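Enquirer: Turn this into a model:
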Amino acid sequence: MNIALIAHDKKKADIVELCKKFESVLMQHNLYATGTTGLHIMNETNLKVQRMKSGPLGGDQEIGALVANQKIDVVVFLRDPLTPQPHEPDINALLRLCDVHNVALATNVNTAEKIIQSIKKH
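Expert: Model prediction:
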């Protein structure tokens, strides 16, 4: 499977912890991430991640293009709902593309864990 990993600044530690917890599952899949998120994951785990640009610099749109071209199966996007994001239109476009293309989408740790656990079972 192709899995995209994205996290807002205040959620970077959460996505790293999620990746550590499920490292043995995630290492069996192709991982994509926005720039800074991918760097954090690679620095703190043994996972290989194909990094896109940083989210505000177009990384969300790059992942959106992969979703639109049916090259992503799961998106984990740990969003910070309490902090305004300057690139909110890009974020909304990515979430919309996941809905349009029926791509599994987790926007919080609980949902992400459940999706990854379901992948582990297969």
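
Enquirer: C-alpha from now on. contacts and neighbour counts both.
Expert: OK.

Enquirer: all strands of the protein, in order?
Expert: For the chain, strands defined by DSSP state E occupy the ranges 2-7, 30-33, 49-51, 74-78, 104-106.

Enquirer: For K114, find the nearest of the ones you listed.
Expert: strand 104-106 (9.0 Å; CA to CA).

Enquirer: strands paired with that closest one, and their directions?
Expert: Using DSSP bridges, the strands paired with strand 104-106 are strand 74-78 (parallel).

Enquirer: State the separation between the strand it pairs with and the centre of the chain it belongs to.
Expert: Averaging C-alpha positions (CA atoms, centre = their mean, to the nearest Å) puts strand 74-78 4 Å from its chain's average.

Enquirer: which outside residues touch it?
Expert: For strand 74-78, the external contacting residues (CA atoms under 8 Å, 6 or more residues apart in numbering) are 1-8, 11, 14-15, 98, 103-109, 112.

Enquirer: cool, stretch 58-73 as well?
Expert: Counting by CA under 8 Å, 6+ apart, 1-4, 32-35, 52-55, 90-91, 93-94, 97-98, 101, 103-104 sit against stretch 58-73.

Enquirer: try 10 Å
Expert: Stretch 58-73 has contacts (CA atoms under 10 Å, 6 or more residues apart in numbering) with 1-6, 30-36, 51-55, 74-75, 77, 87, 89-105.

Enquirer: ok, now stretch 46-56?
Expert: 3-8, 19-20, 23-24, 26-39, 41-42, 58-63, 85-88, 90-91.
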